[in-house]
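Enquirer: Prediction below, plus the sequence it came from.
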Amino acid sequence: MLTFIYICILLLNIVAILLTYHFLGKDMDKKSKGIFIVVAIAVMYALVTSIYWIATKDIDLGNAKETCKNLVTFAFVPVNIIIIMPFLASSYRKFQNKSLKFEPFRNRCILLGIILIIALIIEFFYFKDIQNGITAILQTVSK
């Protein structure tokens with residue numbers, strides 16, 4: 001079952017990368033696209049990991065802690081990328097091509113930032129709920 005979950009997470013990551021790559025357009029060179037995608041993934045990973053750590057810092061899962069962290073983090077990074085990055089990539093491409101002025105680009109970035117903050121707040125409570133559920137299961141199993 002864990003293998004199936006990891007395959008699904010891998011597919012989500014591939015979809016996230018391909019969507020972002022596609023929305024960067026054909027005009028941008030591959031090196032710039034690669035840098036954009038790598039930075040986007042790194043930033044999203046750092047944000048999701050931070051939210052996960054804050055949400056679960058007081059919950060002890062014992063040996064399962066690292067596996068749970070990896071599973072949840074790697075599942076939510078591509079979801080956040082799919083939600084945010086295609087629109088940001090498209091806006092960035094238009095801004096680079098001078099077909100989008102700075103102010104509308106800035107407004108789009110602010111809107112995406114607000115959407116990301118809302119998603120991270122929802123994820124915070126979801127992560128906390130997941131960990132409490134896993135703790136309850138582990139306590140039931142250990143009895």
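Expert: That came through fine. Residues are numbered from 1 along each chain as shown.
Enquirer: What ranges does this structure have for its helices?
Expert: 2-23, 30-56, 65-96, 102-142 (DSSP state H).
Enquirer: Now do the last one: which elements does it pack against?
Expert: If contacts are counted by 3 or more C-beta pairs under 8 Å, 6 or more residues apart in numbering; DSSP states H and E, helix 102-142 sits against helix 30-56, helix 65-96. Every C-beta, even on glycine, is put in place using the N, C-alpha and C of the backbone.
Enquirer: same check, this time on the first one
Expert: When contacts are defined as 3+ C-beta pairs under 8 Å, 6+ apart, helix 2-23 sits against helix 30-56, helix 65-96.
Enquirer: then it to PDB, C-alphas only?
Expert: This file holds the C-alpha atoms of helix 2-23, laid out as PDB (Å, rounded to 0.1, in the frame of the first residue of the first chain):
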ATOM      1  CA  LEU A   2       2.800   2.400   0.800                       C
ATOM      2  CA  THR A   3       4.400   1.700  -2.600                       C
ATOM      3  CA  PHE A   4       1.100   2.700  -4.200                       C
ATOM      4  CA  ILE A   5       1.000   5.900  -2.200                       C
ATOM      5  CA  TYR A   6       4.600   6.800  -3.200                       C
ATOM      6  CA  ILE A   7       3.800   6.100  -6.900                       C
ATOM      7  CA  CYS A   8       0.800   8.500  -6.700                       C
ATOM      8  CA  ILE A   9       3.000  11.100  -5.000                       C
ATOM      9  CA  LEU A  10       5.600  10.700  -7.800                       C
ATOM     10  CA  LEU A  11       2.800  11.100 -10.400                       C
ATOM     11  CA  LEU A  12       1.600  14.300  -8.600                       C
ATOM     12  CA  ASN A  13       5.100  15.700  -8.700                       C
ATOM     13  CA  ILE A  14       5.500  14.900 -12.400                       C
ATOM     14  CA  VAL A  15       2.200  16.600 -13.200                       C
ATOM     15  CA  ALA A  16       3.200  19.700 -11.100                       C
ATOM     16  CA  ILE A  17       6.500  20.000 -12.900                       C
ATOM     17  CA  LEU A  18       5.000  19.500 -16.300                       C
ATOM     18  CA  LEU A  19       2.200  22.000 -15.700                       C
ATOM     19  CA  THR A  20       4.700  24.600 -14.500                       C
ATOM     20  CA  TYR A  21       7.000  23.900 -17.400                       C
ATOM     21  CA  HIS A  22       4.100  24.200 -19.900                       C
ATOM     22  CA  PHE A  23       2.800  27.500 -18.500                       C
END
